[in-house]
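[1] Quick one, fold the following:
(4 chains)
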Protein chains: 2
Amino acid sequence: MTLSEENYLKAIYHLGKQGNDAVSTNAIAEQMDTKASSVTDMIKKLAEKNLANYIKYQGVSLTELGRLTAASVVRKHRLWEVFLVDKLHFSWDEVHDVAEQLEHIKSEKLIDELDAFLGHPKEDPHGDPIPDKDGNFTKTAKILLSECKIGDEGLFVGVKDSSAPFLQYLDKQHISLGNKIKVLHKEVFDQSLEIAINASIINVSKKTADNIYIQNT
Amino acid sequence: MTLSEENYLKAIYHLGKQGNDAVSTNAIAEQMDTKASSVTDMIKKLAEKNLANYIKYQGVSLTELGRLTAASVVRKHRLWEVFLVDKLHFSWDEVHDVAEQLEHIKSEKLIDELDAFLGHPKEDPHGDPIPDKDGNFTKTAKILLSECKIGDEGLFVGVKDSSAPFLQYLDKQHISLGNKIKVLHKEVFDQSLEIAINASIINVSKKTADNIYIQNT
DNA sequence: TCATTTTTTTAGACAAGACTAAAAAAATAT
DNA sequence: ATATTTTTTTAGTCTTGTCTAAAAAAATGA
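    Coordinates of the predicted model:
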């Protein structure tokens, strides 16, 4: 399994709900910042190796083997993120690039021991679930803040966009995972929200609310 | 800096006392388990990038930049080894292959934080020194057990061969880093040694004694 | 329905890093 | 001093993963 193959599997896994849905060549190309022709080439190779189901012009999905392999990469990525934040003083906006590298390290013992060392965490620093060794995880019911109705109350349990700029913006606003959020008002004009959080009241844009996951209490 | 380039730098660093001595093409090929022609190709590229000094038919040494880069890879390798042993229950014969992968992860913050997390260790699990950020390390005076004279006494501070079979053999004989060793007798016939260690007396072959470093007390 | 646009695939090329086989240089031995 | 052996380099090829340009298929729209 090459580094490149693992990255393609991961992209298909993320784009097509754990690789079950067929994903288009262009979607993969955009996600991976590469050309569609390169994607076609690699997809063929993955299909050849029984990692992907591919029918010309009809997109690609993952086989059971491919799904398991992708889940293993995602598991490693998220465990390393927990390590970086919990043990090495990284903040949640700094972990992605390093975890992208660490996720390709091959050693079953390493990842088993790391998992135990971290106390078998169930979620990464962005609230995303960590698959177990069989690729399974419990997906908690969560909705976007932008989908909440006025008066709704819940916990901030995850982000949809985990880019550094968004995470840094949340830090600046003192919006942290686990905070309780209550929707006070919705502005009709621009769909921005007035929310109660940390005993204060702040305004967040529609775009921000579109990237915050809430678990209703 | 590619993975392959880093591995060549490391090989030259190890073969020619921190890259200062000129190393032959064949020596590198053997060390890296590759062909001499491949080595020539890569050496040219390293010289092109000002990482190595290369004169046709006269071997290769490292430039200051090459030496620093190689030392950084070695530093990372050894710090990761300490992490694996101290934190993840790896034994000293299991760390090498994983550290070979981890040493190529690129993140200055990662390695700085790891170093601090581990308590700024000065040596890896095999007794090899860990270079600091500038590539410097204090080399402790140590000699091979096979060079000791009868009656000599000292501490077992390192191994020359750090292959799994040798390390496992030492484990089986209960010979561990830090143990005090005294040379009691040398057999003329096969140069094997009778040594006192851990309140017991054992025999070790010349070959074994050739791979054990002793610090005289 | 048929023309146009978009998506996907194919064909051919390129760079990195490895290899084999052959040539050239250096080292060794008679 | 010259012949032989060993080491090193060169020349040419291969694979992986990428790219561009062009062709083919699918989707869209009048």
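[2] Tell me if whichever helix or strand residue A:41 is part of is near DNA strand D.
    Here residue A:41 sits within helix A:36-48, counting by DSSP states H and E. Yes. Interface with DNA strand D: helix A:36-48 contributes A:37, A:38, A:41, A:42, A:45 (CB under 7 Å from any atom of the strand). For the C-beta atoms, the positions are set from N, CA and C on the backbone; glycine is no exception.
[3] Neighbour-wise, give me the winner out of the residues you listed.
    residue A:42 (23 neighbours; other CB atoms under 10 Å in any protein chain shown).
[4] ok, residues contacting stretch A:136-153?
    A:122, A:129-131, A:154, A:156-158, A:160, A:180-186, A:191, A:193, A:195, A:204, A:206, A:208-217 (CB atoms under 8 Å, 6 or more residues apart in numbering or on different chains).
[5] At the geometric centre of chain A, which residue do we find?
    residue A:128 (5.4 Å; CA atoms, centre = their mean).
[6] Which strands or helices does the biggest helix by length in chain A pack on?
    In chain A, with assignment by DSSP state H, the single longest helix is helix A:64-88. On a contact count with 3 or more CB pairs under 8 Å, 6 or more residues apart in numbering or on different chains; DSSP states H and E, helix A:64-88 meets helix A:3-15, helix A:95-102, helix A:108-117, helix B:108-117.
[7] TSV for those, including mean pLDDT and distance to residue A:58?
    Listed next are the helices and strands packed on helix A:64-88 as TSV, based on pLDDT from 0 to 100; distance: least, CB to CB, whole Å:
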stretch	mean pLDDT	distance to residue A:58
helix A:3-15	97	14
helix A:95-102	98	29
helix A:108-117	98	34
helix B:108-117	98	42
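[8] can you redo these as JSON lines with mean neighbour count?
    Formatted as JSON lines, those follow (neighbours: other CB atoms under 10 Å in any protein chain shown):
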{"stretch": "helix A:3-15", "mean neighbour count": "20"}
{"stretch": "helix A:95-102", "mean neighbour count": "19"}
{"stretch": "helix A:108-117", "mean neighbour count": "16"}
{"stretch": "helix B:108-117", "mean neighbour count": "16"}
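[9] nearest to residue B:21, of those helices?
    helix B:108-117 (27.1 Å; CB to CB).
[10] what does chain A have sitting close to chain B?
    A:84, A:87-90, A:94, A:97-98, A:101-102, A:105-107, A:109-110, A:113-114, A:117 (CB under 8 Å from any CB of the partner chain).
[11] let's see 6 Å
    Proximity of chain A to chain B (CB under 6 Å from any CB of the partner chain) is limited to residues A:88, A:89, A:98, A:101, A:105, A:107, A:110, A:113, A:117.
[12] measure the residue lying closest to residue A:190 once chain neighbours are set aside to residue A:188 for me?
    Closest residue in space to residue A:190, ignoring its immediate chain neighbours: residue A:206 at 6.3 Å, by CB to CB, 6 or more residues apart in numbering or on different chains. Distance, residue A:206 to residue A:188, by CB to CB, to the nearest Å: 11 Å.
[13] between the two, which one's more packed in?
    The neighbour comparison of residue A:206 against residue A:188 (other CB under 10 Å) goes to residue A:206, with 14 against 6.
[14] just checking, residue A:77 touches residue A:97?
    No. Using CB atoms under 6 Å, residue A:77 makes no contact with residue A:97, being 11.2 Å away.
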